[in-house]
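**Student:** predicted coordinates and the sequence they were generated for:
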Amino acid sequence: MGLFDFFSRSSKDNLDQGLEKTKQSFFSKIARAIIGKSKVDDEVLDNLEEILISSDVGVETTLKIIERIQARVSRDKVLGTDELNQVLRDEIIFLLEENNSNQNGNLEFNKPADGNPYVIMVVGVNGVGKTTTIGKLAHQFKKSGKSVVLGAADTFRAAAVDQLIIWSERVGVPIVQQGMNADPASVAFDTLQSAKASNADVVIIDTAGRLHNKVNLMNELSKIKRVMEKVIPGAPHEILLVLDGSTGQNAFEQAKQFAQATDINALAVTKLDGTAKGGVVIGISDQMKIPVKYIGVGEKMEDLQLFDRKLFVESLFTD
């Protein structure tokens with residue numbers, strides 16, 4: 001069984017509940033946009049464009065969706081407003097599929113063939129839910145029978161190390177830490193050596209949420225990666241950027257900045273249950289060309305879910 005098989009894609013109830021604020025906001029706006037209208041015309045499309053942008057789908061992605069619906073109207077001649085939700089749903093799914101933003105079923109990674117642990121380096125600014133995401137990941141890995149080691153390489157804040165220690169105790173997994181102001185690369189080195197010696201399945205390394213500028217960030221993350229590579233060739237196998245979905249377009253800007261600083265290959269969008277800005281997942285998926293791998297739709301351990309683009313859009317359009 002792959003390392004990620006334990007994530008349940010059947011937890012649609014949790015997803016529906018987690019997206020409730022986004023759904024309520026989205027559909028009430030659409031209902032107002034089509035009131036008194038029997039067919040989709042330029043005015044309805046203009047209103048829809050506003051709605052998508054205000055739902056944090058993003059300008060570029062919104063324009064793509066509107067162009068697709070315009071083409072559909074032109075082809076079908078008359079498109080009733082009662083069909084708009086279904087058409088919008090279909091076009092968003094098609095868009096995400098075409099952009100290859102996430103391949104459903106390709107999230108299961110086996111332990112590397114050389115027997116070394118699978119290494120995840122987690123990045124993101126302070127306050128996005130980075131430590132919580134690490135804790136929930138560790139919990140779900142352990143629940144599936146995998147052995148996990150945490151590394152507290154965010155040594156710029158004492159609170160960051162303390163929080164990760166609390167999560168390691170709560171989940172019941174070992175942690176390697178050297179306290180505040182330790183060299184992050186040294187922590188990463190020790191963590192991987194410890195995990196390798198104990199034949200662990202997964203290593204999750206926390207990193208600093210904020211450095212003085214992008215150059216410092218790039219240098220620090222590059223140094224950590226170089227040190228990891230010396231212990232386990234090919235590490236880190238995954239660089240996971242955690243984003244706070246409730247910040248809307250700010251999350252997209254953070255994604256762009258971190259993508260310039262390091263080779264991110266996976267995204268986690270958290271706190272979707274507390275916001276009406278869930279549309280940001282669509283925009284980030286489309287624009288970044290980096291897979292949204294996880295979404296956070298609640299506070300419970302199981303509310304960190306693998307992102308399934310089709311299930312996500314279906315849930316968004318479920319009454």
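**Tutor:** That came through fine.
**Student:** spit out the contact partners of the nearest residue to Lys271 once chain neighbours are set aside.
**Tutor:** Take Lys271 and drop its neighbours on the chain: the residue closest to it by C-beta to C-beta, 6 or more residues apart in numbering is Ser246, 4.7 Å away. Every C-beta, even on glycine, is put in place using the N, C-alpha and C of the backbone. The neighbours of Ser246, taking C-beta atoms under 8 Å, 6 or more residues apart in numbering as the test, are Lys271, Leu272, Gly274, Thr275, Lys277.
**Student:** so which of these wins on neighbours?
**Tutor:** Neighbour counts for the contacts of Ser246 peak at Leu272, which has 27 neighbours (criterion: other C-beta atoms under 10 Å).
**Student:** how about stretch 230-248: buried residues?
**Tutor:** Neighbour-count burial for stretch 230-248 flags 231-232, 235-248 (criterion: 16 or more other C-beta atoms under 10 Å).
**Student:** which strand or helix spans the closest residue to Leu304 other than its chain neighbours?
**Tutor:** In space, and not counting its chain neighbours, Leu304 is closest to Lys136: 4.1 Å by C-beta to C-beta, 6+ apart. Using DSSP states H and E, Lys136 sits within helix 130-143.
**Student:** who does the helix or strand just after that helix pair up with?
**Tutor:** Scanning forward in sequence from helix 130-143, with DSSP H and E defining helices and strands, the next element found is strand 148-152. Taking DSSP bridges as the criterion, strand 148-152 forms sheet pairs with strand 175-176 (parallel), strand 202-206 (parallel).
**Student:** which secondary structure elements does the helix holding Lys136 contact?
**Tutor:** For helix 130-143, the helices and strands in contact under the criterion 3 or more C-beta pairs under 8 Å, 6 or more residues apart in numbering; DSSP states H and E are strand 118-123, strand 148-152, helix 158-171, strand 202-206, strand 238-244, strand 266-270, strand 292-296, strand 304-306.
**Student:** just the angle between that helix and helix 158-171, please?
**Tutor:** Computed by axes from the mean of the first three to the mean of the last three C-alpha atoms, to 10 degrees, the angle separating helix 130-143 from helix 158-171 equals 20 degrees.
**Student:** measure the nearest residue to Val280 once chain neighbours are set aside to Lys293 for me?
**Tutor:** If the residues on either side of it in the chain are set aside, Val280 comes closest to Asp56, at 4.2 Å by C-beta to C-beta, 6+ apart. Computed with C-beta to C-beta, to the nearest Å, the distance linking Asp56 and Lys293 is 19 Å.
**Student:** more crowded one of those two?
**Tutor:** Neighbours per residue (other C-beta under 10 Å) separate Asp56 from Lys293, with Asp56 holding more: 27 against 20.
**Student:** now the stretch 1-150 of the chain, which segments are flagged as low pLDDT?
**Tutor:** Applying pLDDT under 70 to the predicted model, the residue ranges of the stretch 1-150 of the chain that meet it are 1-11, 77-78, 98-110.
**Student:** let's go with 80 and repeat that
**Tutor:** Filtered on pLDDT under 80, the stretch 1-150 of the chain yields the residue ranges 1-13, 26-28, 31-37, 76-82, 97-111, 113.
**Student:** which residues in it form helices?
**Tutor:** Under the criterion DSSP state H, counting those that start in this stretch, the stretch 1-150 of the chain contains helices at 12-18, 20-34, 42-54, 59-76, 84-98, 130-143.
**Student:** and the shortest one, what's buried?
**Tutor:** For helix 12-18, a neighbour-count test (16+ other C-beta under 10 Å) marks Asn14, Leu15, Asp16, Gly18 as buried.
**Student:** now flag whichever of those is closest to Lys64.
**Tutor:** Leu15 (24.2 Å; C-beta to C-beta).
**Student:** nearest spatial neighbour of Lys37, skipping sequence neighbours?
**Tutor:** Counting by C-beta to C-beta, 6+ apart, Lys37 lies nearest to Thr81, which is 5.1 Å off, once chain neighbours are set aside.
**Student:** with only the CA atoms kept, save stretch 69-82 in PDB.
**Tutor:** These are the backbone C-alpha positions of stretch 69-82, laid out as PDB (Å, rounded to 0.1, in the frame of the first residue of the first chain):
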ATOM      1  CA  ILE A  69     -19.300  29.800 -21.000                       C
ATOM      2  CA  GLN A  70     -19.400  32.400 -23.700                       C
ATOM      3  CA  ALA A  71     -18.400  29.800 -26.200                       C
ATOM      4  CA  ARG A  72     -21.100  27.500 -24.900                       C
ATOM      5  CA  VAL A  73     -23.700  30.200 -25.200                       C
ATOM      6  CA  SER A  74     -22.600  30.900 -28.800                       C
ATOM      7  CA  ARG A  75     -22.600  27.200 -29.700                       C
ATOM      8  CA  ASP A  76     -26.000  26.400 -28.000                       C
ATOM      9  CA  LYS A  77     -27.500  29.700 -29.100                       C
ATOM     10  CA  VAL A  78     -29.800  29.800 -26.000                       C
ATOM     11  CA  LEU A  79     -28.500  28.800 -22.500                       C
ATOM     12  CA  GLY A  80     -31.100  29.000 -19.800                       C
ATOM     13  CA  THR A  81     -30.200  30.500 -16.400                       C
ATOM     14  CA  ASP A  82     -31.500  27.300 -14.800                       C
END
